[in-house]
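>>> Using only what follows, build the 3D model:
(chains A and B)
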Amino acid sequence: MSIFTHFTQPLLRENPITVQILGLCSALAVSRSLEPALIMSLSVIAVLLFSNLSISLLRHIMPRSIRLILEVTIIASAVIVVDELIKTFAPDVSDYLSVFVGLIITNCIILGRAETFAIHHGPLESLADALGNGVGYAVILIFVALLRELLGTGAILDLQLLPTIDEGGWYRPNQIMSYASSAFFIIGFLIWGIRSWRIEQLEDEEYPTTPAPYRESA
Amino acid sequence: MMSDFFDILLRAVFVENLALVFLLGMCTYIAVSKNVETAIGLGIAVILVQTITVPLNNLIYQQLLAPGALDWLDMGSLDLSFMKFVVFIGVIAASVQILDMVMERYTPVLHATLGVYLPLLTVNCAILGGSLLMVQRNYDLTQSVAYGIGSGIGWALAIIIFAAIRERLRYSNVPRGLEGLGLAFVVTGLLAFGFSGINGVVS
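Down below sits the predicted model:
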């Protein structure tokens, strides 16, 4: 596969959230409004690039038995830097994200890509893979955040698109969107949509409901 | 004192449920909930690890990392709290490893049931999240014991309920594209919605 396919593959066909089921916690929890979602996406992409690159460079000298602890330490160091940067440049968002920046360490996308990809591939492919998975994650996160912020408050990034009733408009903000559960509904229905379009992603039926073809009794 | 202990414990189980209110540990939650038996095993593992790591991390944080904790060394004002990510994940990885070895020696049956899920808990956000939330709320040692037990039980409860629902869902006729992952999300959403209703019950 070329470097370009390593980048495009995780965008939809191998999307970390909707197909690989990785990195859900933060995708669900920080998606109430757009600004934190953007910062979270950038942080995850940065950490992912750094960890994939360094793990791919170290892959020949890392002893197999202690590689997990080394990988986690590399990721944790990157997260500390990102956390300090966010605290300095966006203190309000840092309060809102609270523990979720720290939880990038245990974001399964990062360790998952390190274990399944970076450890077997060269630095350039690993960077492409990191960027692809990071953007694939960001696309879903931003889509959910956009929908939740628009329907929950009628505004996107302080820009009032739907005038709310309180301010003399016609839109009644949907309270459900401020609950965490709405993120589940949105992602659930999003997966439904993607799978109806890309039927190769359907899961095998555990108990087929269509009757089996007639067989003569043996 | 005692009522404070149970207050934190009950709040952690129901009102601030790690899985359904803070949405932590979701990858494992969705991936390992296809049947009730494994869910119970994983639930027990989470309770054990959470009960050990939250108070342990609390001790380490209060004694070594918190701003001013090392003043007795006379090295000026040290604030090592930025180190908490690396230290906590190390403590969690080590405790999981030790727990794994101890259980293999003394409770081989339970160890066999938990299988691969025990080592995987190192990278479960619910475990690290529990410790980070404990720091954020400035719990002391007793409170952190209550929080550790409570948040573990809360997560276990959530995954067992969810696994039971999923077992029933297998026999239902759902649209083809929603089957599996999609429906799992919608059901978790409904569960989370239900749990947000408990909010007013325990104050």
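
>>> From now on I want contacts and neighbour counts done on CA atoms only, so please keep to that.
Fine.

>>> So A:Glu149 sits against A:Val30, correct?
No: counting by C-alpha atoms under 8 Å, A:Val30 is not a contact partner of A:Glu149; they are 11.4 Å apart.

>>> Look at the two and report which has more neighbours.
Regarding A:Glu149 and A:Val30, a neighbour count based on other C-alpha atoms under 10 Å in any protein chain shown identifies A:Val30 as having more, with 28 against 22.

>>> Ramachandran angles for the more buried one?
phi -100, psi 20 (degrees, to the nearest 10).

>>> what's near enough to touch it?
With contact taken as C-alpha atoms under 8 Å, 6 or more residues apart in numbering or on different chains, A:Val30 is in contact with A:Pro36, A:Ala37, A:Met40, A:Leu97, A:Phe100, A:Ala145.

>>> Is the lowest-mean-pLDDT helix or strand in chain A positioned near chain B?
Of all helical and strand segments in chain A, the minimum by mean pLDDT, DSSP states H and E falls on helix A:24-29, at a mean of 76. Yes: Helix A:24-29 reaches chain B (C-alpha under 8 Å from any C-alpha of the partner chain) through A:Leu24, A:Cys25, A:Ser26, A:Leu28, A:Ala29.

>>> Please report how far the third one lies from A:Ile104.
A:Ser26 sits 8 Å away from A:Ile104, going by C-alpha to C-alpha, to the nearest Å.

>>> got a list of what B:Leu18 touches?
B:Ala12, B:Leu24, B:Gly25, B:Ala126, B:Gly130, B:Ser151, B:Gly154, B:Trp155.

>>> tell me, which of the contacts of A:Val30 make contact with chain B?
Among the contacts of A:Val30, the ones lying near chain B by C-alpha under 8 Å from any C-alpha are A:Phe100.

>>> which among the residues of helix A:24-29 next to chain B gets closest to A:Phe89?
Set against A:Phe89, the nearest of the residues of helix A:24-29 next to chain B by C-alpha to C-alpha is A:Ser26 (20.6 Å).

>>> wait, the closest one sits on A:Val99?
No: in this structure, A:Ser26 is not within contact of A:Val99 by C-alpha under 8 Å, at 10.0 Å.

>>> Looking only at neighbour counts, state which of these two leads.
Neighbour count, other C-alpha under 10 Å: between A:Ser26 and A:Val99, A:Ser26 has more, with 26 against 20.

>>> Next, the contact list for the residue nearest to that one when sequence neighbours are not counted, please.
Spatial nearest neighbour of A:Ser26, chain neighbours left out: A:Phe100 (6.5 Å); criterion: C-alpha to C-alpha, 6 or more residues apart in numbering or on different chains. Applying C-alpha under 8 Å, 6+ apart to A:Phe100 gives the contacts A:Ser26, A:Val30, B:Gly129.

>>> May I have the secondary structure class of the last one?
With DSSP: H, G, I helix; E, B strand; the rest coil as the basis, B:Gly129 sits in helix.

>>> Neighbours of it, how many?
By the criterion of other C-alpha under 10 Å, B:Gly129 has 21 neighbours.

>>> Mind listing what's buried along the worst-scoring helix or strand of chain B on mean pLDDT?
Lowest by mean pLDDT, DSSP H and E among the helices and strands of chain B is helix B:117-120, with a mean of 76. Within helix B:117-120, the residues that qualify as buried are B:Tyr117, B:Leu118, B:Pro119, counting by 16 or more other C-alpha atoms under 10 Å in any protein chain shown.

>>> Quick check: which ranges of chain B have low pLDDT?
Residues of chain B meeting the criterion pLDDT under 70: B:1, B:76, B:200-203.

>>> Show me where it has its helices.
Taking DSSP state H, the helices of chain B run over residues B:2-10, B:26-31, B:36-60, B:84-106, B:108-114, B:117-120, B:125-136, B:141-169, B:181-197.

>>> quick check: angle from the last one to helix B:141-169?
Okay, so that is helix B:181-197. 130 degrees (axes from the mean of the first three to the mean of the last three C-alpha atoms, to 10 degrees).

>>> Tell me which other helices or strands helix B:181-197 touches.
Applying 3 or more C-alpha pairs under 8 Å, 6 or more residues apart in numbering or on different chains; DSSP states H and E, we find helix B:181-197 packed against helix A:181-197, helix B:26-31, helix B:141-169.
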